[in-house]
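Visitor: Sequence first, then the predicted structure, then my questions.
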Amino acid sequence: MGTCASQADPTKFHHLLNCFAGTDRLLCNLTQNIDCLEDKLPLLSSKTVQLHGRLDTLVCQRRSSHAFQVAPEDFQARIMSPCPDCETVDKERVQMGKRSHGVGVLQSKILLYGAGPESVIGDKLLDELFQKVDAVIIAGTRLQIKSPNRLAAELCRAAKWRNGLTVWVNKERPPREFESLLDYVALGDCDEFASLIAA
């Protein structure tokens, strides 16, 4: 999966968001994708928060501060391997005559469904989003997971409070609770939507 993601190209919709980021019209791109395609577009990458983590990053299951970016071809060999930072710390402890604290193993840095994305976004960015957002585009998601659904609804309410714009882009209709929160519903492919906007 990591190799496939690394070989994939950003979509037309990614390029549209990258254009928005280049003109400061994009405050933040919140994505549920873990493929890191945004990294191939530096302007968009700088504005992106990956709510469910990154496929290219492994973290120690014992100490989350021990994190390592890995190349896709190394992913299989490194996952579930001993954490190098833990090994270093533990070796130093033993050499000083202290007892071993053990060594963690590396796991994929992916937030499982049901866990809230707020901790990934951070309070500071959340506050900024709610204070400044004047347009929300919800694209390519059915919002079936509770925490992103709630976050999207709150962002739509914040935009509506400023008489801003709220748009749904998906092949399927939005959840019923979003009907009163959306100004426009575009049923179709995100890339087709991007092509229309760019035209």
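Guide: Arrived safely. Residues are numbered from 1 along each chain as shown.

Visitor: Follow the chain on from the helix or strand of the chain with the lowest mean pLDDT and name the next helix or strand.
Guide: Within the chain, confidence by mean pLDDT, DSSP states H and E is lowest for helix 118-121 among all helices and strands, at a mean of 60. Downstream of helix 118-121, the first helix or strand assigned by DSSP states H and E is helix 123-132.

Visitor: what about the longest helix in the chain?
Guide: helix 146-161 (DSSP state H).

Visitor: Now that one: buried residues?
Guide: Residues of helix 146-161 classed as buried by neighbour count (16 or more other C-beta atoms under 10 Å): 148-149, 151-156, 158-160. Backbone N, C-alpha and C define where each C-beta goes, glycine included.

Visitor: Need the contact partners of that helix.
Guide: By C-beta atoms under 8 Å, 6 or more residues apart in numbering, the residues outside helix 146-161 that reach it are 30, 32, 51, 114-118, 121, 129-130, 133-136, 138, 141, 143, 165-166, 175, 177-178, 181-182.

Visitor: Just the buried ones out of those, please.
Guide: Among the contacts of helix 146-161, those that count as buried by neighbour count (16+ other C-beta under 10 Å) are 30, 32, 51, 117, 121, 129, 133, 135-136, 138, 141, 143, 166, 178, 181-182.

Visitor: of all those, which two lie farthest apart?
Guide: Across these, no pair lies farther apart than I121 and L182, at 21.8 Å, counting by C-beta to C-beta.

Visitor: what's near enough to touch L41?
Guide: Counting by C-beta under 8 Å, 6+ apart, L41 makes contact with 10, 14-15, 17-18, 21.

Visitor: Please indicate which of those has the highest neighbour count?
Guide: Per-residue neighbour counts (other C-beta atoms under 10 Å) across the contacts of L41 peak at L17, which has 25 neighbours.

Visitor: quick one: contacts for that residue?
Guide: Counting by C-beta under 8 Å, 6+ apart, L17 makes contact with 26, 29, 41, 44, 47.
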